[in-house]
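**Q** predicted structure and sequence below. I'll ask about it afterward.
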Number of protein chains: 4
Amino acid sequence: MSAPKKVVLAYSGGLDTSIILKWLQTEYGCEVVTFTADLGQGEELEPARKKAELLGIAPENIYIEDVREEFVRDFVFPMFRANAVYEGLYLLGTSIARPLISKRLVEIAAETGADAVAHGATGKGNDQVRFELAAYALNPDIKVIAPWREWDLSSRTRLLEFAEQNQIPIAKDKRGEAPFSVDANLLHTSSEGKVLEDPADEAPDYVYQRTVNPEDAPNEPEFVEIGFERGDAVSINGEAMSPATILTKLNELGGKHGCGRLDLVEGRFVGMKSRGVYETPGGTLLLEAHRGIESITLDRGAAHLKDELMPKYAELIYNGFWYSPEREMLQALIDKSQEHVTGTVRLKLYKGLARTVARWSDHSLYSEAHVTFEEDAGAYDQKDAAGFIQLNALRLKLIAARDKRLKK
Amino acid sequence: MSAPKKVVLAYSGGLDTSIILKWLQTEYGCEVVTFTADLGQGEELEPARKKAELLGIAPENIYIEDVREEFVRDFVFPMFRANAVYEGLYLLGTSIARPLISKRLVEIAAETGADAVAHGATGKGNDQVRFELAAYALNPDIKVIAPWREWDLSSRTRLLEFAEQNQIPIAKDKRGEAPFSVDANLLHTSSEGKVLEDPADEAPDYVYQRTVNPEDAPNEPEFVEIGFERGDAVSINGEAMSPATILTKLNELGGKHGCGRLDLVEGRFVGMKSRGVYETPGGTLLLEAHRGIESITLDRGAAHLKDELMPKYAELIYNGFWYSPEREMLQALIDKSQEHVTGTVRLKLYKGLARTVARWSDHSLYSEAHVTFEEDAGAYDQKDAAGFIQLNALRLKLIAARDKRLKK
Amino acid sequence: MSAPKKVVLAYSGGLDTSIILKWLQTEYGCEVVTFTADLGQGEELEPARKKAELLGIAPENIYIEDVREEFVRDFVFPMFRANAVYEGLYLLGTSIARPLISKRLVEIAAETGADAVAHGATGKGNDQVRFELAAYALNPDIKVIAPWREWDLSSRTRLLEFAEQNQIPIAKDKRGEAPFSVDANLLHTSSEGKVLEDPADEAPDYVYQRTVNPEDAPNEPEFVEIGFERGDAVSINGEAMSPATILTKLNELGGKHGCGRLDLVEGRFVGMKSRGVYETPGGTLLLEAHRGIESITLDRGAAHLKDELMPKYAELIYNGFWYSPEREMLQALIDKSQEHVTGTVRLKLYKGLARTVARWSDHSLYSEAHVTFEEDAGAYDQKDAAGFIQLNALRLKLIAARDKRLKK
Amino acid sequence: MSAPKKVVLAYSGGLDTSIILKWLQTEYGCEVVTFTADLGQGEELEPARKKAELLGIAPENIYIEDVREEFVRDFVFPMFRANAVYEGLYLLGTSIARPLISKRLVEIAAETGADAVAHGATGKGNDQVRFELAAYALNPDIKVIAPWREWDLSSRTRLLEFAEQNQIPIAKDKRGEAPFSVDANLLHTSSEGKVLEDPADEAPDYVYQRTVNPEDAPNEPEFVEIGFERGDAVSINGEAMSPATILTKLNELGGKHGCGRLDLVEGRFVGMKSRGVYETPGGTLLLEAHRGIESITLDRGAAHLKDELMPKYAELIYNGFWYSPEREMLQALIDKSQEHVTGTVRLKLYKGLARTVARWSDHSLYSEAHVTFEEDAGAYDQKDAAGFIQLNALRLKLIAARDKRLKK
């Protein structure tokens, strides 16, 4: 790979990506463009602008954008149509944000004539894979620079030395090492590493940042009604809202009631297992409600096919294959299924629990006329079940008869 | 089908199966053998014996058995090895009991020279299918009698008339209709029908019979440690126990803390949707803990394959295909995966929540040496990730290059 | 089911459906509308009109239509996009025609105010299921009459008696029983029953009707080039043609060279196994060529996902679920994959063999620059493979290390 | 990776692996152990011994073994139980041999105290992955050396120079470059590269080495009967034979009749597409016959589950994951299905075609009594089909009714 001339860097404004910025300038002598996105991580963005300017980035090379609506509408919601959960538990909060960031990096590279993009993910994790696969899928000729895999700043001490040598301001609370590593966006907050590294130790309560401890949640349950159209949430308690507004509101509700905490060990794409603590308050409510509305509006055949393909779909997102033909094919299948996933679900929130307690829809396939224990006025002929069972049993009978015959 | 001469009836001792017993005697003039099983449903069995005798069943034709250990060991535990959940939520508590009952019915038929078996499931539900597919798979020549599909006792009034005409004692509380229908065993209690028929109405609290309302659960969390060997629970808080004892104990714990309540709408095999309220206190803890121990002992490739096949496996059990070649094939695959699923999980129970908070095992695949944020002493070479990503990206680059070429 | 007043009958003009026509008139006293379709079965349709008139059907109630283009365009081609093969071998020639017939039956019922449709499939086969599921999916209130399941004309003798009593003309060659049963359309001819009933006996050569015996095929191979656009064949040897024309032409080529003969035992949806002899000359060429063009234009991830889902898709068509949400979801996925399946394949036909020998496309993903054994000018860095392998191996190493540790 | 001290090399005796041998000695100064296996590639092994001796390998460090029986019994046959085919066509002849070679390399390393193994596969192909994943899975601490990824002998000229400088004898016919690259074993011969690099050019006839051109095959068909027990071939024309003997015999038959030629483009695990010409004469017969015996002895549910999982299983073998938990889990499932796959199949071989024409078994599930077009004496009640269809249709009717309702 020839040396890059101009690099678009995914820049948070924090110490680590500031060091990367400087390192790119000094190591490659290349022009740096910074991209800072508001994905709902809950941090001010203007300080990032100031810091970039301080590090010598020209104003026209500083990109700061609020991408929250795009994030929820084009990434989070399509994923929730699939009820995607990785390894039975993880709601993919970090995984789903990476392709959006890469997409903007590549687009900004095209706009600014940059030949490379750079990110601050380490060589041990999944995020490097997600950033890079997305970048290459969107521009096969882009260069990707991953300083953590290249440089020799392998200890905290050396990083801080480099920062000092290069006049990078270090906030006082960054002198010491954080007791764990955090990633956040509108969908979730993840924590991992250090104090969390032994999965036999319970995660200390201070790790959780976005949800109250269920023990401290209100003693009274709260009900919330989520309206859906074609698989996507469109309203809360009857009020129509934009995608990002809905997720923000669900985060408040879920966070208040201690919903969406997870402590798990997962299998990374790079081959090792890691332990993470995740908080996905709004997403947890959304998943429960989406399953609830599907339960009355989605046909059994459709639902079971979705369920069988979900783990594969979740794995693709987890592994960084958002921009791959097979994810897009699965999305076409999933979206096709959602045409009638329209209606309302009532959830009950209480001390960390979020349970569907009622659901209704004009598109419902539930037929009280058929299922009733009462006289059904001919809606269903119980005698049909005899033939249904006989023909379903036929192949099993033929096996049993064969086995009987052979035993003789 | 020629008329049966001797029938083994799945007999609970209740009013409905007593009516069936009498109806079999009068309609077919056949000898009746009763089979009453203790599956942990929480009812005395001796009254069933008395009632059978009262209805003229010869003592040698009355079979009363405690099958709880067999139930948990040979049915519940193998199913939990798969993390089986139907339509994302239902833990299959009713489905998994039916094949065991059929197995004993068919065995007793062989022992007593009966040519038929009979059950009390209606023509609208899944249970008829489960009973009958299992019976036919175990004896292709057995006759199965399903009175609810045959007789004309289609209203409560006519049933009670029949009972009175035939001197069947009617408990006072059975005069009126129950407000919903119940099935119970050691794994779960299900409620459905009548007051539950409108899925837009929240289930009234009196429907729940086995778990306290989370709002009434203790204000203090409780921790429990579940030990596993080869995928099956073998101990609680360090104390080794038999399968049924473990499930009983987990039921107590889960029930006390309000865990395992579900209110859902599901797709029945016979084609309609139905609404059910399920309580699976112990099973909910078991599933969470099993996922927890798998998270450190099961390889990612193995775990993902299991996840992809789980919906199919759950569907087979739900639909009544326990005794089918494909369920047995999947079981072989699942059991193979469990060879190292050995270790301990600590759960925290609180107000309906049951969450894994710690897990450890001699068989763990988790490697702190690899995952650490600290210096890893060469356990993992971050530069390997570059090649890993390049080759995973290659096909995506070739697609992107093709698309670029075609756009020109 | 109340008696039908007006019935649309799938009518071939042959003896069996003529008997059904009469039986519907006499048994139900209902008005009959006949629908005779040219699906490419190779029979004149005008005799069917004459015979319907003879049996008293009013001219406005006689529908005769050439549906060959619709058949190939909307049913055969979408199915071939999936490379659909049932149980590894069967190209679904009969299965795919049934939904189209049902669709027209239901549409004609709506046009003519009929409340029922009728077909001539027996109660043992798959076709009854396919006809009826399609009809119910398109009109949930339609009645379906399946005379073979209802009447008592269960022997050849009784059928002929009924025909004679009702002045139905019987062709001389229909007096005796045919030695096997045949279904044909533009995609295939199937033969089953009677002389074919013992799968241990080789099918006699006279069973084959549409393909020459490979031993009698030309001694010189022939080459044919099939052009594809977005997954569908659009030209032969450079000449653009309509869908039905292409399939007709491929049938001629395949038939001449003895391609597409199959002799197999398959699992019917109704539970038994049956033996069939199939001839699919054009379809066999089409499948081979479609796989050939996909091999260079379809990404590996896309192709493998398609391959994994194909058996399910084929099963749905075989079982009669063409008009089901899950078939439509899978179709959306498959169609999405075909966007670049455009190019040309050359086949070599010889003595029953049809093999791809060359393929090329502007949309090709094949990169000689990458794969070459020669110097590749940096297209591919072999060192990347080391990291790729290391990370793919990591989880296997962790397992091996665990096993080693436990053995100590 | 520290330098290896003693290396076990997969050694063919040919020029390339002789150069590797020398390179290992000179580059790493390490002791070399050679392993030469007879996998049925059709070459003498003793010249390899001589050449190894000539290159200075101590006699006790030369391992020459006939592993044909192990190869077929423990690798080829288990794979054929799955009907494994990669991307619809490729019978995995190269893929399945690699794990066996790695297994012996690792075992010999343990016996001889070697700390590394080495192979002669390039950095572009799948074989390096297969060799190395297998080696690491069997010994997590082994070192693997892949000279083609390390050295700078990147052109034919430099290789020959190295050979001359090191006194490695060069056969005259190796001076020029081979027009394509070949791999062979008892299951297949593959050819790729150079003259085959353009997939738009038909492969020249001289590429095929193991099968006659169908045009030159006998003008008379030949029949062969293959006997199976529990999924594995055990006899030919009634004569019991060992696994390798059976495959050898089938190769003779298939080769004589021009069976098993393939010309395809496949997706490599490393991300690029490549074109290969494969000859699998015996395997082609075996696959056809295995499908034939399964068609009468394997239940539909079992067969369809196998078909759905086959692509995944084939992909695992292709990608080198033979020694992985998921392949072993799938094998457990597949082997479970084969318990009754016992019986005999008659194939007809003619001019490249190998077709099942008859099959029979004591374990057959085919029931003429059920399927017959004649009077079936009550084996099957056609009226059952009505109920079967009604309940299968119910969910489709509910969808259609919903759609109708919404349209109003």
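**A** All right, it came through fine. Residues are numbered from 1 along each chain as shown, chains lettered A, B, ... in the order given.

**Q** so how far is A:Gly125 from the residue in the stretch 201-350 of chain A positioned nearest to chain C?
**A** As assessed by C-beta to the nearest C-beta, chain C sits closest to A:Gly271 within the stretch 201-350 of chain A, at 2.8 Å. All C-beta atoms are positioned from the backbone trio N, CA, C, and that covers glycine. Noted for A:Gly271: a distance of 11 Å to A:Gly125, by C-beta to C-beta, to the nearest Å.

**Q** residues from chain A in reach of chain C?
**A** Neighbours of chain C within chain A, by C-beta under 8 Å from any C-beta of the partner chain: A:267, A:270-273, A:299, A:301-302, A:304-306, A:312, A:321, A:324-326, A:328-330, A:332-337, A:391-395, A:398.

**Q** just those residues: which are in strands?
**A** A:Gly267, A:Lys273 (DSSP state E).

**Q** the residues of chain A next to chain C in helices, which ones?
**A** Here DSSP state H is the test, and the residues of chain A next to chain C give A:301-302, A:304-306, A:312, A:325-326, A:328-330, A:332-337, A:391-395, A:398 as lying in helices.

**Q** weed out the non-buried ones from those residues.
**A** Among these, those buried by neighbour count (16 or more other C-beta atoms under 10 Å in any protein chain shown) are A:301-302, A:304-306, A:312, A:325-326, A:328-330, A:332-337, A:391-395, A:398.

**Q** which among these are in contact with chain B?
**A** A:His304, A:Lys312, A:Pro325, A:Asn392, A:Ala393, A:Leu398.

**Q** how about the residue in the stretch 101-250 of chain A that chain C sits nearest to: what's its closest non-neighbour residue?
**A** With C-beta to the nearest C-beta as the measure, A:Val129 is the residue of the stretch 101-250 of chain A nearest to chain C, at 9.4 Å. Setting aside the residues directly before and after it, A:Val129 is nearest to A:Gly320 in space (C-beta to C-beta, 6 or more residues apart in numbering or on different chains), at 4.3 Å.

**Q** check A:His363 too.
**A** A:His340 (4.2 Å).

**Q** give me the neighbour count for that neighbour.
**A** 25 (other C-beta atoms under 10 Å in any protein chain shown).

**Q** now the one 10 residues further on
**A** A:Tyr350 sits with 26 neighbouring residues when counted by other C-beta under 10 Å.

**Q** who does it form a beta bridge with?
**A** Here A:Tyr350 shows beta-bridge partners A:Leu353, assigned using DSSP bridges.

**Q** read off the pLDDT value for it.
**A** A:Tyr350 is assigned 98 on the pLDDT scale.

**Q** list the residues that contact it.
**A** A:Ala217, A:Glu220, A:Pro221, A:Glu222, A:His257, B:Pro214, B:Glu215, B:Lys351, B:Gly352 (C-beta atoms under 8 Å, 6 or more residues apart in numbering or on different chains).

**Q** switch to 7 Å and redo it
**A** A:Pro221, A:His257, B:Pro214, B:Glu215, B:Lys351 (C-beta atoms under 7 Å, 6 or more residues apart in numbering or on different chains).

**Q** what values do phi and psi take at the residue of the stretch 101-250 of chain A closest to chain C?
**A** Phi and psi for A:Val129, reported as degrees, to the nearest 10, are phi -60, psi -40.

**Q** and for it, the neighbour number?
**A** By other C-beta under 10 Å, 25 other residues sit near A:Val129.

**Q** for the most centrally placed residue in chain A, helix, strand, or coil?
**A** For chain A, the residue nearest the mean C-alpha position is A:Gly93 (2.6 Å; C-alpha atoms, centre = their mean). The three-state label given to A:Gly93 by DSSP: H, G, I helix; E, B strand; the rest coil is coil.

**Q** for A:Gly29, which non-adjacent residue is closest in space?
**A** Excluding the flanking residues, the one nearest A:Gly29 by C-beta to C-beta, 6+ apart is A:Ala3, at 7.8 Å.

**Q** checking my notes, the one you found in a helix, right?
**A** No. Looking at A:Ala3 with three-state DSSP, it is coil, so not inside a helix.

**Q** circling back to that earlier point, would you agree the residue of the stretch 101-250 of chain A closest to chain C is in contact with A:Trp322?
**A** No. Using C-beta atoms under 7 Å as the test, A:Val129 is too far from A:Trp322 to be in contact (11.3 Å).

**Q** and A:Ser252, what does it touch?
**A** No, residue A:252 isn't Ser; it's Glu. Going by C-beta under 7 Å, 6+ apart, the list of residues near A:Glu252 is empty.

**Q** about what we covered before: in a markdown table: the ones next to chain B among the buried ones among the ones in helices among the residues of chain A next to chain C, plus pLDDT.
**A** Listed next are those as a markdown table, based on pLDDT from 0 to 100:
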| residue | pLDDT |
| --- | --- |
| A:His304 | 98 |
| A:Lys312 | 98 |
| A:Pro325 | 98 |
| A:Asn392 | 97 |
| A:Ala393 | 97 |
| A:Leu398 | 97 |
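
**Q** from those, which are also near chain D?
**A** A:Leu398 (C-beta under 7 Å from any C-beta of the partner chain).

**Q** for B:Pro169, state which of the ones next to chain B among the buried ones among the ones in helices among the residues of chain A next to chain C is nearest.
**A** Of all those, B:Pro169 sits closest to A:Ala393, with 35.9 Å by C-beta to C-beta.

**Q** can you tell me the helix or strand for the nearest residue to the closest one once chain neighbours are set aside?
**A** Spatial nearest neighbour of A:Ala393, chain neighbours left out: B:Tyr136 (4.1 Å); criterion: C-beta to C-beta, 6+ apart. B:Tyr136 is part of helix B:127-138, with elements assigned from DSSP states H and E.

**Q** tilt between that helix and helix B:325-337?
**A** Using axes from the mean of the first three to the mean of the last three C-alpha atoms, to 10 degrees, the direction of helix B:127-138 lies 80 degrees away from that of helix B:325-337.
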